[in-house]
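1. My questions are about this predicted structure, shown below with the sequence.
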Amino acid sequence: MPATPKHRAPIINAAVTLFRRQGYAGTGLNDIVDASGAPKGSLYYYFPKGKASIATAAIEEAGLRVARTVTDLAEETGSTAELLRAHARLLAGWMKASRFRDGCPITTVLLEMAPEDRAVTEAGRTAYAARTAILTDKLVSDGFSRTAAARLAILCVSALQGALIQARVDQSGRPLELAADELGRLLETTPKA
């Protein structure tokens, strides 16, 4: 039976945190080693293609985490508008807890590496597609056609990502809450078709 990969998850978790806070270029391999507690050799063992392969794994992990959060919120809320408002409150709380130092590890890495790095770009595409699919399904359950729901889901994801950046710059959760409120109002007043 193969050994459990002891240090792989801590390396990925450290990279998610560091990329969220410092970006890809601002995070060195030694930073990841220090934050993960893994021996430096483990980086090369689990990620023989180097730092870019750690970025790919970090985006994949962050994408899974976001998808779990949005799925849970979809199950707990009655409408997409409620889901967006609840998600914005969560994001604002997490941002405040980090003193607005954290951003989205997916976005920070993609801004630096996409489209040049194909693996990172594909990991980001997959992460955004998962979130968009969850919102699309929720919008369909709200009564929107699948076509309209898919378009609105992309708008919602894009607006919240932009609001995350603005929240970090403004050091306030207000941009997130305003974006979610406006998106919610739009969804509640748009004719279902």
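-> Thanks, I have the structure now. Numbering: from 1, shown residues only.

2. Check which helices and strands the host helix or strand of Leu73 sits against.
-> Under the criterion of DSSP states H and E, Leu73 resides in helix 51-76. Here helix 51-76 touches helix 8-22, helix 80-97, helix 105-113, helix 118-141, going by 3 or more CB pairs under 8 Å, 6 or more residues apart in numbering; DSSP states H and E. C-beta here means a position set from N, CA and C on the backbone, and glycine is covered the same way.

3. deepest of these, which one?
-> helix 105-113 (a mean of 23; mean count of other CB atoms under 10 Å).

4. then that one to CSV, C-alphas only?
-> C-alpha atoms of helix 105-113 as CSV (Å, rounded to 0.1, in the frame of the first residue of the first chain):
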residue,chain,number,x,y,z
PRO,A,105,-6.1,32.9,-4.4
ILE,A,106,-7.6,31.9,-7.7
THR,A,107,-7.9,35.5,-9.1
THR,A,108,-4.5,36.6,-7.7
VAL,A,109,-2.7,33.8,-9.4
LEU,A,110,-4.7,34.0,-12.7
LEU,A,111,-4.0,37.7,-13.0
GLU,A,112,-0.2,36.9,-12.9
MET,A,113,-0.1,33.7,-14.9
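
5. hang on, the earlier thing: relative to Lys40, which of the helices and strands packed on helix 51-76 is closest?
-> helix 8-22 (10.3 Å; CB to CB).

6. Kindly export the following helix or strand past that closest one (C-alpha atoms) in CSV.
-> Per DSSP H and E, the first helix or strand lying C-terminal to helix 8-22 is helix 29-36. What follows is helix 29-36, C-alpha atoms only, in CSV (Å, rounded to 0.1, in the frame of the first residue of the first chain):
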residue,chain,number,x,y,z
LEU,A,29,9.3,28.6,-2.4
ASN,A,30,10.9,29.3,1.0
ASP,A,31,7.8,31.0,2.1
ILE,A,32,5.7,27.9,1.2
VAL,A,33,8.2,25.7,3.0
ASP,A,34,8.1,27.9,6.1
ALA,A,35,4.3,28.2,6.1
SER,A,36,3.7,24.5,5.4
